[in-house]
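**Q** Sequence and predicted model, in that order:
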Amino acid sequence: LKRRRGRVLEEVRYDATSLLKLKAYLPAAESFGLVSELRSGMSAQVFAQSAFDHWEVLEGNPYDPDDSILETVRAIRARKGLLSDPPPLEK
């Protein structure tokens, strides 16, 4: 989950079983392919359920080329058919 910018909120282990229940926040864009990745690492013994919970402001500066948020902004702009770089800020 950390590789996909997820945050674990709750972890519950059930006694006398190998069951583990995780409750986590994960950006929707990062959720695609997660179940397949988890199943490949856990011998296909993964059951996943997801539901939208909330919007969250992304922290960072999309005008800083060293900030990872710039790649997220570029991907969103490309998906919408816009130029990849955000327009310059006007003074």
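**A** All right, it came through fine.
**Q** Next one: residue 83 from residue 74, what distance?
**A** When distance is defined by CB to CB, to the nearest Å, residue 83 is 9 Å away from residue 74. The way it works is simple: take the backbone N, C-alpha and C, and place the C-beta from them, glycine included.
**Q** out of those two, which sits in the busier spot?
**A** Neighbours per residue (other CB atoms under 10 Å) separate residue 83 from residue 74, with residue 74 holding more: 16 against 9.
**Q** In contact with the residue lying closest to the more buried one once chain neighbours are set aside, which residues?
**A** Counting by CB to CB, 6 or more residues apart in numbering, residue 74 lies nearest to residue 84, which is 4.6 Å off, once chain neighbours are set aside. Residue 84 makes contact with 74, 77, 78, according to CB atoms under 8 Å, 6 or more residues apart in numbering.
**Q** ok, now residue 30?
**A** 4, 5, 6.
**Q** these two touch, right, the last one and residue 23?
**A** No. Applying CB atoms under 8 Å as the test, residue 6 and residue 23 come out as separate, 10.8 Å apart.
**Q** more neighbours, those two?
**A** Under the neighbour definition other CB under 10 Å, residue 6 and residue 23 were set side by side, and residue 6 has more, 16 against 10.
**Q** mind checking how far the more buried one is from residue 89?
**A** 31 Å.
**Q** Tell me the predicted confidence for residue 44.
**A** Residue 44 is assigned 62 on the pLDDT scale.
**Q** Quick one: low-confidence residue ranges for the protein.
**A** In the predicted model of the chain, residues 44, 91 satisfy pLDDT under 70.
**Q** Which stretches in it count as strands?
**A** Secondary structure of the chain (DSSP state E): strands at 7-13, 20-25.
**Q** by how many degrees do the last one and strand 7-13 diverge?
**A** In this structure, strand 20-25 runs at an angle of 160 degrees to strand 7-13, with axes from the mean of the first three to the mean of the last three CA atoms, to 10 degrees as the basis.
**Q** Run through who's touching strand 20-25.
**A** Counting by CB under 8 Å, 6+ apart, residues outside strand 20-25 touching it are 1, 6, 7, 8, 9, 10, 11, 12, 13, 14, 53, 56.
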